[in-house]
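[1] Sharing a model prediction with you, sequence too.
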Amino acid sequence: SVFLYFPGERLSAAELTAACLDGHLVGLGEGYVPADTVETTALRAASLGSLAGLDLAAVLESAAWIHGARDEPPARHTLQRATERRLHEPIGRRFVYRDPRVPAADLVRIGGVAVTTPERTVADLARKGTPDAVEVLREWAARAPTALPAGVRWIDGSGRVPHKRAARRLLGELLRRM
């Protein structure tokens, strides 16, 4: 995107920082955008392009942020293998890597980055079941009431996946409280 700047491309890190201090740019994911830019899913996803490349997909809280379920990105993004071939484990301070491959049917390309579909993201967050994941699900349900039922449909239509029953139970509880 012409509105997305990364350190070392068109401007140095020092120039980008100065532009932020002057109020011209704001941080977005791993990049910077003009302060008056409307934050879209495509911009959010594209801001992770330097981390994800073509072989990794944004999942869990990172995918939820891209889909607009929350305003702030996670402190560390979660990326998962989106290619058939095994990767040498990518290492980075800004992300956590998960090796199991995400099937292509559960991915969408947004801003050039692979991201789990909203229904798969809801199901994954429910399967994770941590307090942070549950909070993201609550935020998402408040913003998009159809998100949790879509996650339930994904779980019901999936084959054998870990923590399926617990995720179904959690989503059922959240739906009853809505």
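    That came in fine, so what should we check first? Keep in mind that this is a model prediction, so the values were computed, not measured. Numbering: from 1, shown residues only.

[2] distance of the residue in the chain sticking out farthest from the centre from Pro34?
    The centre of the chain is farthest from one residue, Asp22, which by C-alpha atoms, centre = their mean lies 29.1 Å away. Applying C-beta to C-beta, to the nearest Å, one obtains 12 Å for the distance of Asp22 from Pro34. Where you see a C-beta, it was placed from the backbone N, CA and C, and this is true even at glycine.

[3] Next: Val113.
    Distance from Val113 to Pro34, counting by C-beta to C-beta: 20 Å.

[4] of these two, who's got more company?
    Of the pair Val113 and Pro34, Val113 is the one with more neighbours under other C-beta atoms under 10 Å, namely 29 against 13.

[5] which residues does the more buried one bridge with?
    As for beta bridges, Val113 partners with Ile110 under DSSP bridges.

[6] Would you map the strands across this protein?
    25-28, 31-34, 56-58, 77-81, 95-98, 107-110, 113-116 (DSSP state E).

[7] quick one: which of those strands is nearest Glu135?
    Across the strands of the chain, Glu135 has its closest neighbour in strand 77-81 (15.4 Å, C-beta to C-beta).

[8] Low-confidence regions, the protein specifically.
    Across the chain, the ranges flagged by pLDDT under 70 are 1.

[9] Closest to the mean position in it, which residue would that be?
    A centroid search over the chain (C-alpha atoms, centre = their mean) returns Ala63, at 1.8 Å, as the residue closest to the centre.

[10] My guess is that one contacts Ala114. True?
    No - using C-beta atoms under 8 Å, Ala63 makes no contact with Ala114, being 9.6 Å away.

[11] In this structure Thr121 contacts Ala57, no?
    No - with contact defined as C-beta under 8 Å, Thr121 does not reach Ala57; the gap is 10.4 Å.

[12] Of those two, which one has the most company?
    The neighbour comparison of Thr121 against Ala57 (other C-beta under 10 Å) goes to Thr121, with 30 against 27.

[13] quick one, what contacts that one?
    59-60, 63-64, 67, 69, 115, 151 (C-beta atoms under 8 Å, 6 or more residues apart in numbering).

[14] Now with 10 Å, please.
    58-67, 69, 106, 115, 136-137, 140, 147, 150-151, 154 (C-beta atoms under 10 Å, 6 or more residues apart in numbering).

[15] For Ala18, see how far away it is.
    36 Å.

[16] what about Ala133, how many neighbours?
    Ala133: 19 neighbours (other C-beta under 10 Å).
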